[in-house]
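Asker: need a 3D model of the sequence below.
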Amino acid sequence: MTDGELPYTTPDRLLRDFASRGLVALAPESLGIPPEIHAAIYEKEREAFNAGRYITASVIPEILDVIQSPGVVAACDALVGKNWAIVPFTHNTPFPSGSRDQHWHKDDNGPYNLRKHRHHQAIQIEMLYYPQAVHGDNGPTAVIPYSQYWTFNHEENHDNFAGADHLDFGYQVGGMERLPVSGPNSDYDVEDIANRRTAHDIRMREAVANTGWPLVVPFEACPLKAGSVVLYSHNLFHRGNHRRDDWQTWKDTPRFMWRFWLYRTTEPDGEAPDEVDWRALGIDDMTGVDLSMAPEDATVLWHHHHHWLHTGRPPRRRASRNLKGLAAQLYATGEAAETNRIGAAYKLASCGDDSALRLLGEALYDERESVRRAATYGLVAFGSEATSVFLGATESAVKWIRKAGVYGLGDVAALDDRVLDAVVDRLASLGLALDSLNRLANIAKGRVTKSGKDARRRRQWLEVAVLQPRVIANARIVPSPGGCLCPSGPALCRTASRVSRTPLVRDGNRVCPRILVRHPTPVTNGELPYTTPDRLLRDFASRGLVALAPESLGIPPEIHEAIYEKEREAFNAGRYITASAGARRHRRNLPRTATRPDVAGGGWW
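Answerer: Numbering: from 1, shown residues only. Presented below is the predicted three-dimensional model:
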């Protein structure tokens with residue numbers, strides 16, 4: 001936490017600070033909208049929150065004025081390119097601060113919510129908006145600046161499940177996250193809470209210190225004026241923070257935060273920036289971190305991504321380095337050596353010669369995940385010259401190497417027949433409809449020609465087929481409501497369609513412009529064959545999916561009809577649907593957490 005007002009980011013320092021620190025803040029007066037909008041949002045939100053209503057942009061449409069404000073648009077255009085999209089997830093909702101601490105984590109890889117290689121480039125960022133002032137005692141968001149390029153193994157690591165990365169995951173699974181740090185049910189002394197001396201505070205600080213990574217310290221993004229916007233890398237470690245003020249005032253003075261996930265749809269194509277002497281910057285005015293202590297293993301990444309943010313290309317190659325020493329550093333052991341391995345990979349990429357490319361290619365096949373991860377990032381930093389290495393990796397017998405190969409192609413490869421065939425082969429291996437994939441390949445390669453406009457049309461469909469090569473490389477593709485295969489459902493399809501100006505219908509089939517694959521045809525006719533008790537375990541062990549007939553549940557059939565009618569009424573009235581107020585639920589001690597219904601045409605899965 002800083003004394004006085006948090007130093008806001010000026011436009012001339014936006015890309016520099018984001019490439020290094022991974023965190024910037026926009027002053028409310030820089031947004032270009034009337035200041036009374038923030039007060040209006042806060043009052044409407046407080047009224048809805050205290051009334052127990054579910055808060056969305058439809059309830060508070062003024063939030064759209066913030067998203068579309070000139071200052072926000074200009075900053076996001078610079079960071080993630082024009083035509084950026086907001087991932088249509090439930091994360092785009094307000095978060096009140098309260099009595100508990102989250103554990104340190106990096107958010108899931110939206111919009112696909114799976115664990116994969118994280119893009120070091122600014123492909124996805126998070127935007128936080130605070131309609132009221134934020135101080136050190138009303139729950140400021142906690143982050144770890146300079147942590148966005150470092151992480152942990154995840155391939156077989158159950159501490160890093162799903163899409164998130166975690167520091168001290170034992171804090172969550174051990175139950176400490178569920179204990180209130182402050183508020184009426186806290187066991188801590190008020191003075192310890194106010195002065196950050198609780199066991200929770202100490203454990204949070206120790207989790208950061210124990211990484212052994214350079215420059216990383218816990219930081220609370222405050223004090224902020226009402227209407228402030230914070231933008232940070234989707235890869236930055238962060239957490240929700242408890243309040244330290246008088247809990248009896250919380251109802252009257254709730255601290256709200258809106259969070260949005262922003263996603264790049266275009267690549268940078270500007271002019272190269274001036275060189276930055278990172279160590280000469282001295283003390284970072286926002287965090288107090290002494291940048292003169294920054295190791296070259298960090299500054300080589302900052303230099304690369306500062307240049308990429310401007311140009312979309314790797315920076316100019318540097319003089320030859322000690323390849324033997326860098327090769328040894330690439331294989332350093334231990335989690336604290338993550339920065340050494342990644343730094344060595346980027347240094348090898350900056351050499352730009354065949355020997356460096358060969359060393360990175362060899363490391364891509366190493367048995368250690370941390371080495372393969374560093375090699376992958378180094379090859380991506382190398383640029384298009386690494387295409388042949390990634391093509392070879394897609395044919396590996398090891399799934400993790402195949403995964404890195406397709407990921408790398410999505411980041412560096414120009415689209416040609418070899419690359420397209422490799423991606424199509426990998427998609428086919430996921431069990432998607434081969435006729436759809438062949439259709440995709442034929443469209444992209446120009447084998448489907450039906451009009452005299454084919455030169456332009458072929459190019460358009462070629463671009464759309466890999467509109468985001470990263471999507472094809474990394475997506476967990478599953479059927480979604482609405483007749484498309486976009487994992488976020490038709491909402492993202494509509495967003496992508498507007499961005500790419502690509503039709504959603506081709507040859508009578510609904511098409512997702514992000515992933516051009518038709519919705520699979522149902523394999524059954526008539527009624528779905530329900531599972532009988534004697535086949536339940538067998539089918540679940542093999543297929544992973546079973547279905548129970550309603551008559552087998554042992555409850556009156558009119559219950560289903562009653563549920564449907566109540567849910568339809570609530571849905572049409574715009575009410576948030578949960579299982580609350582059910583006597584049967586309390587009697588059976590079922591969880592009190594809300595269950596969210598999947599509505600066809602815009603579902604949760």
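
Asker: the nearest residue to Val380 once chain neighbours are set aside: how many residues sit nearby?
Answerer: Spatial nearest neighbour of Val380, excluding adjacent residues (C-beta to C-beta, 6 or more residues apart in numbering): Asp411 at 4.7 Å. Bear in mind the C-beta positions are built from the backbone N, C-alpha and C, glycine included. As a burial measure, Asp411 scores 23 neighbours (other C-beta atoms under 10 Å).

Asker: next secondary structure element downstream of whichever strand or helix holds Val230?
Answerer: Here Val230 sits within strand 228-233, counting by DSSP states H and E. On the C-terminal side of strand 228-233, the nearest following helix or strand under DSSP H and E is strand 238-239.

Asker: so for the helix or strand immediately after that following strand in the chain, what's the average pLDDT?
Answerer: Counting by DSSP H and E, the next helix or strand C-terminal to strand 238-239 is strand 256-263. Averaged over strand 256-263, pLDDT sits at 91.

Asker: with stretch 20-28 instead?
Answerer: In this model, stretch 20-28 has a mean pLDDT of 98.

Asker: quick one: end-to-end length of it, please.
Answerer: 23 Å (C-alpha to C-alpha, to the nearest Å).

Asker: who touches that stretch?
Answerer: With contact meaning C-beta atoms under 8 Å, 6 or more residues apart in numbering, stretch 20-28 is reached by 6-9, 14, 17-18, 35, 38, 71-72, 75, 143, 145-148, 219, 221, 224-233, 235-236, 278, 284, 286-287, 291, 298, 302, 306.

Asker: repeat the analysis, applying 6 Å as the threshold.
Answerer: 6, 8-9, 14, 17-18, 71, 75, 143, 145, 148, 225, 227-233, 236, 302 (C-beta atoms under 6 Å, 6 or more residues apart in numbering).

Asker: got it, and stretch 122-132?
Answerer: 38, 41-42, 66, 79-80, 224, 226, 228-232, 234, 256-264, 309.

Asker: among these, which ones are buried?
Answerer: 38, 41-42, 66, 79-80, 224, 228-232, 234, 256-264, 309 (16 or more other C-beta atoms under 10 Å).

Asker: and the closest residue to Leu528 other than its chain neighbours, how many neighbours?
Answerer: Leaving out its chain neighbours, the residue that sits closest to Leu528 by C-beta to C-beta, 6+ apart is Ala547, at 5.8 Å. When neighbours are defined as other C-beta under 10 Å, Ala547 has 10 of them.

Asker: per-residue confidence at Val448?
Answerer: pLDDT, Val448: 42.

Asker: helices and strands of the protein: which one has the lowest mean pLDDT?
Answerer: Counting by mean pLDDT, DSSP states H and E, the chain has its least confident helix or strand at strand 505-506, which shows a mean of 31.

Asker: where's Met204, which helix or strand?
Answerer: helix 199-209.

Asker: off-centre distance for that helix?
Answerer: Distance, stretch centre to chain centre, for helix 199-209: 25 Å (C-alpha atoms, centre = their mean, to the nearest Å).

Asker: what's next to it, contact-wise?
Answerer: Outside helix 199-209, the residues that reach it (C-beta under 6 Å, 6+ apart) are Asp101, Trp104, Ile144, Leu167, Asp168, Val181, Val216, Pro218.

Asker: buried residues of it, list them for me.
Answerer: Under 16+ other C-beta under 10 Å, the buried positions of helix 199-209 are His200, Asp201, Met204, Ala207, Val208.

Asker: which stretches of the stretch 251-400 of the chain form helices?
Answerer: Counting by DSSP state H, counting those that start in this stretch, the stretch 251-400 of the chain has helices at residues 296-311, 323-330, 338-351, 354-363, 369-382, 387-393, 399-412.

Asker: check the stretch 51-200 of the chain too.
Answerer: Ranges of helices within the stretch 51-200 of the chain are 63-67, 70-80, 170-173, 190-194, 199-209, based on DSSP H, counting those that start in this stretch.

Asker: between those, which gets the lowest average pLDDT?
Answerer: Across these, helix 170-173 has the smallest mean pLDDT, namely a mean of 84.

Asker: same question for that helix: list its buried residues.
Answerer: So, applying 16+ other C-beta under 10 Å, buried residues of helix 170-173: Tyr171, Gln172.

Asker: pull out the buried positions in stretch 135-154.
Answerer: Buried, per 16+ other C-beta under 10 Å, within stretch 135-154: 135-154.

Asker: can you tell me the distance between the two ends of that stretch?
Answerer: 35 Å.

Asker: before we move on, the earlier item: which ones among the buried residues of stretch 135-154 lie within strands?
Answerer: Per DSSP state E, strands hold the following members of the buried residues of stretch 135-154: Ala142, Val143.

Asker: hmm, back to that, partners of the strand holding Val230 in the sheet?
Answerer: strand 23-26 (antiparallel), strand 124-130 (antiparallel) (DSSP bridges).

Asker: output that strand as PDB, nothing but the C-alphas.
Answerer: Listed next in PDB are the C-alpha coordinates belonging to strand 228-233 (Å, rounded to 0.1, in the frame of the first residue of the first chain):
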ATOM      1  CA  SER A 228     -10.700   4.300 -10.900                       C
ATOM      2  CA  VAL A 229      -9.900   1.500 -13.300                       C
ATOM      3  CA  VAL A 230      -7.100  -1.000 -12.800                       C
ATOM      4  CA  LEU A 231      -5.800  -3.100 -15.700                       C
ATOM      5  CA  TYR A 232      -3.500  -6.000 -15.100                       C
ATOM      6  CA  SER A 233      -2.100  -9.100 -16.900                       C
END
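
Asker: related to what we said a few turns ago, let me have the helices of the stretch 251-400 of the chain in CSV, extended by distance to Ala25 and mean pLDDT.
Answerer: CSV is the format used below for the helices of the stretch 251-400 of the chain (distance: least, C-beta to C-beta, whole Å; pLDDT from 0 to 100):
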stretch, distance to Ala25, mean pLDDT
helix 296-311, 17, 97
helix 323-330, 35, 95
helix 338-351, 25, 96
helix 354-363, 36, 96
helix 369-382, 27, 96
helix 387-393, 37, 96
helix 399-412, 29, 91
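
Asker: mind putting those helices into JSON lines with distance to Arg244?
Answerer: Shown next, in JSON lines, are those (distance: least, C-beta to C-beta, whole Å):
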{"stretch": "helix 296-311", "distance to Arg244": "32"}
{"stretch": "helix 323-330", "distance to Arg244": "43"}
{"stretch": "helix 338-351", "distance to Arg244": "32"}
{"stretch": "helix 354-363", "distance to Arg244": "46"}
{"stretch": "helix 369-382", "distance to Arg244": "38"}
{"stretch": "helix 387-393", "distance to Arg244": "49"}
{"stretch": "helix 399-412", "distance to Arg244": "42"}
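
Asker: re the thing from before, and of the strands paired with strand 228-233, who's closest to Ser355?
Answerer: Comparing these by their distance to Ser355 (C-beta to C-beta), the top pick is strand 124-130, with 33.6 Å.

Asker: restricting to C-alpha, output that closest one in PDB.
Answerer: Only the C-alpha atoms of strand 124-130 are listed here, as PDB (Å, rounded to 0.1, in the frame of the first residue of the first chain):
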ATOM      1  CA  GLN A 124      -5.900 -11.400 -22.300                       C
ATOM      2  CA  ILE A 125      -6.100  -8.800 -19.500                       C
ATOM      3  CA  GLU A 126      -8.400  -8.100 -16.600                       C
ATOM      4  CA  MET A 127     -10.100  -4.800 -16.000                       C
ATOM      5  CA  LEU A 128     -11.300  -3.800 -12.500                       C
ATOM      6  CA  TYR A 129     -13.600  -0.900 -11.900                       C
ATOM      7  CA  TYR A 130     -14.300   0.700  -8.500                       C
END
